[in-house]
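> test case, fold it:
(2 chains)
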There are 2 protein chains.
Amino acid sequence: MPKKVTIVGSGNWGSAIARIVGETTKANPAIYDPDVVMYVYEEQVEGGKLSEIINTRHENVKYLPGKILPSNVRAVTDLVESCKDSDVLIFVIPHQFVKRTCAPLKGKLKPGAIAISLIKGVSVGEGGGIHLISEIIQHELNVDVAVLMGANLAPEVANENFCEATIGAKDPKLGQELKTLFHCSYFRVNVVKDAHTVELCGALKNVVACAAGFSDGLGYGDNTKAAIIRLGLMEIIRFVEEFYPGSQFTTFFESCGIADLVTTCYGGRNRKVCEAFAKTGRPIAELELELLKGQSAQGPPTAAEVFSTLESRKVSHKFPLMVAVHKICTGQEKVEKFIDYIRDHPEHHQKPHVF
Amino acid sequence: MPKKVTIVGSGNWGSAIARIVGETTKANPAIYDPDVVMYVYEEQVEGGKLSEIINTRHENVKYLPGKILPSNVRAVTDLVESCKDSDVLIFVIPHQFVKRTCAPLKGKLKPGAIAISLIKGVSVGEGGGIHLISEIIQHELNVDVAVLMGANLAPEVANENFCEATIGAKDPKLGQELKTLFHCSYFRVNVVKDAHTVELCGALKNVVACAAGFSDGLGYGDNTKAAIIRLGLMEIIRFVEEFYPGSQFTTFFESCGIADLVTTCYGGRNRKVCEAFAKTGRPIAELELELLKGQSAQGPPTAAEVFSTLESRKVSHKFPLMVAVHKICTGQEKVEKFIDYIRDHPEHHQKPHVF
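Below you'll find the model as predicted:
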């Protein structure tokens, strides 16, 4: 039986993905049912209901205006209704809504259903270390959860510009099946097994992007930014190695690793907020409101969780870049001191190693 | 006996390095003689001789104006005279001058003298595959040759902005000794053994930067550039693996690897020329003259040598990005076709592997 697919979320990224999934399901009807459901949180837009506009005009006029969705993508506004018959749930909602979205779905899913999370970020600010979004979904719904991450700015994906992404799925068979759901001529997907690494790269890169923003704001140039990206990557690798043993070194060479890190350090929102912070000294929360128009910068809270995790295992000294980001974001250190934290980085005294 | 050091070259990069070496030799008089010689190709500047201006005003007014050189750096205009008593020769001249600079030095060097090349690029355009600059120096002068590469734009180094570099030296003891000559508070040096990899990264990145330039010129965004950087890095790794067995995977994580690649793909001259080429269709040679003011873009000739090397071993199909750069630069393919070359990259069908 072809599998039924639901896209849980209909924002900018969810709508860009709907354009892909609408086509790939039509192209692979033996594997996937082309009747794709998209859960839409109902809103009034242009005097009408967003779900009705999507189902008649096939355009998400609020979050992805100007791009047509395949007509086999069908908006449904009842969350449980949208998911209860599906075999594959694609989670693509803001990370802060994960728990409250999962809650009504508990016990209502089809047996054997699986999820794939496209949500970048980690659950932070609740103490007790870093919780991966995939772990939260898995815990809440008791389903297997794969992840898809990469250098994927939604508007560019919606424009069908060539890019790559990485699926992390512990079960290789599932990974290949999910690849069929996303891989297309302009969105090229590789599959790896260590899903944790894929997801952690997506979260930790935001801390490095804060450092890149400080550097930009302090007036440093390309050399310094390149060094920050490299040292940041080495800290990401060591963090994953320290806290998630069994990860594959090669995963950092995938789109979810270096590619996403580079893009985020040049163009992302954490970079932007932290550049402004270094230039103006104004509070980060204030700059976030002003510059990101309702979106949040995950770097500072992620740095806080990373810091408490490092402290709990007494390894902070191995991660001076991430420690500096946390201390600067929380006002415990001046941004002008940032470079001094990484000037004598452990990487300058030891060789990187393969694991 | 403290070792005598000569900097062979006095351009922008040579002068920036002289600022470092002048200080490190003073700080380590037991290892290095603080009387540092800089070979200067004599020129008339501001009504005087460049060498005399350097020796009186301690400023290279032509190639690094506004930055003071340490007074223990002494300009010498006779090439043989400048090198004959030295133990360490730092080569930092344009790559096309290497052979003619080595020629008069043959048989004139102190026994046991060694060289370190800071010259990025390879000898291309003479057929017969890629010749590393270090190999040419070694062949011409019969001395051991180490290399120093990294994300090091000279003006930023001269500004003492924090950055990193990589020394490649087959002999670890020599590598550590050379580290003492360059490592300072703002220029952080790691040492690795596989010097070939360090040097090849510095050359091959220029081919990838051409691809990044095409992408920019064609109007693609951050996602596509991130994919190009990643796929380019994977081709660099495979090229080194194929033609220089014994290389260390970890070297690609050093400043000479990802850091330099990223910087070059965002800011370098190959990117710039190839962006203009994609936008205007004008000949690359013409754009080079216009945009680079006498400097050359090494990407296109390097791509040509890479291509003939790949063809000779019948492995071109594994390197579609580098092949596309060559074909487009030589007018055998339209730049608009670039993405089609990498759309179905071998990396999308196999897992990267550690070697």
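> A:Asn60: neighbour count?
Number of residues near A:Asn60 (other CB atoms under 10 Å in any protein chain shown) recorded here: 30. Where you see a C-beta, it was placed from the backbone N, CA and C, and this is true even at glycine.
> tell me the contacts of the residue nearest to it when sequence neighbours are not counted?
In space, A:Asn60 comes closest to A:Ser15 once its chain neighbours are excluded; the distance is 4.3 Å by CB to CB, 6 or more residues apart in numbering or on different chains. Residues near A:Ser15 by CB atoms under 8 Å, 6 or more residues apart in numbering or on different chains: A:60, A:63-64, A:67, A:69, A:154, A:158.
> 6 Å instead?
Shown in contact with A:Ser15 (CB atoms under 6 Å, 6 or more residues apart in numbering or on different chains): A:60, A:63-64.
> same check on A:Ile339?
If you count contacts by CB under 6 Å, 6+ apart, A:Ile339 has them with B:Phe162.
> so what's it scoring on pLDDT?
We have a pLDDT of 97 for A:Ile339.
> what about A:Leu109, distance to chain B?
Plainly put, A:Leu109 is 31 Å away from chain B if you go by CB to the nearest CB, to the nearest Å.
> neighbouring contacts of stretch A:317-324?
Here stretch A:317-324 has contacts from A:207, A:211, A:231-232, A:235, A:306, A:310, A:316, A:338, A:341-342, A:345-346, using CB under 6 Å, 6+ apart.
> mind running it again at 8 Å?
For stretch A:317-324, the surrounding residues in contact (CB under 8 Å, 6+ apart) are A:204, A:207-208, A:211, A:228, A:231-232, A:235, A:238-239, A:242, A:303, A:306-307, A:310, A:316, A:333, A:337-338, A:341-342, A:345-346.
> show me what the lowest-mean-pLDDT helix or strand in chain A is packed against.
Using mean pLDDT, DSSP states H and E, the weakest-scoring helix or strand in chain A turns out to be strand A:122-123, at a mean of 75. Secondary-structure packing of strand A:122-123 (3 or more CB pairs under 8 Å, 6 or more residues apart in numbering or on different chains; DSSP states H and E): strand A:131-132, helix A:133-141, helix A:195-217.
> how about the helix or strand hosting the residue nearest to A:Asn60: buried residues?
With secondary structure defined by DSSP states H and E, A:Ser15 is part of helix A:12-27. By neighbour count on 16 or more other CB atoms under 10 Å in any protein chain shown, the buried set for helix A:12-27 is A:12-25.
> thought A:Val198 was touching A:Thr250?
No. The criterion here is CB atoms under 8 Å, and A:Val198 misses it with A:Thr250 at 11.6 Å.
> and for the two, which residues touch both?
Joint contacts of A:Val198 and A:Thr250 (CB under 8 Å, 6+ apart) are A:Val192.
> which ones are touching A:Ala165?
Contact analysis of A:Ala165 by CB under 8 Å, 6+ apart lists A:148-152, A:182, A:187-190, A:255-256.
> neighbour count and distance to A:Ile93 added to those residues, as JSON lines?
Putting these into JSON lines (neighbours: other CB atoms under 10 Å in any protein chain shown; distance: CB to CB, whole Å) gives the following:
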{"residue": "A:Leu148", "neighbour count": "32", "distance to A:Ile93": "14"}
{"residue": "A:Met149", "neighbour count": "28", "distance to A:Ile93": "15"}
{"residue": "A:Gly150", "neighbour count": "30", "distance to A:Ile93": "18"}
{"residue": "A:Ala151", "neighbour count": "29", "distance to A:Ile93": "21"}
{"residue": "A:Asn152", "neighbour count": "27", "distance to A:Ile93": "16"}
{"residue": "A:Phe182", "neighbour count": "20", "distance to A:Ile93": "17"}
{"residue": "A:Phe187", "neighbour count": "23", "distance to A:Ile93": "20"}
{"residue": "A:Arg188", "neighbour count": "23", "distance to A:Ile93": "24"}
{"residue": "A:Val189", "neighbour count": "21", "distance to A:Ile93": "21"}
{"residue": "A:Asn190", "neighbour count": "26", "distance to A:Ile93": "24"}
{"residue": "A:Ser255", "neighbour count": "29", "distance to A:Ile93": "22"}
{"residue": "A:Cys256", "neighbour count": "31", "distance to A:Ile93": "19"}
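> now, which of those sits nearest A:Arg282?
A:Ala151 (29.4 Å; CB to CB).
> pLDDT wise, what is the residue of the stretch 251-355 of chain A found nearest chain B at?
The stretch 251-355 of chain A approaches chain B most closely through A:Ala259 (3.9 Å), counting by CB to the nearest CB. We have a pLDDT of 97 for A:Ala259.
> which one of the contacts of A:Ser15 sits closest to A:Lys272?
Nearest member of these to A:Lys272, counting by CB to CB, is A:Tyr63, at 20.5 Å.
> that closest one in helix, strand or coil?
coil (DSSP: H, G, I helix; E, B strand; the rest coil).
> can you pull the contacts of it?
By CB under 8 Å, 6+ apart, the contact set of A:Tyr63 is A:10-12, A:14-15.
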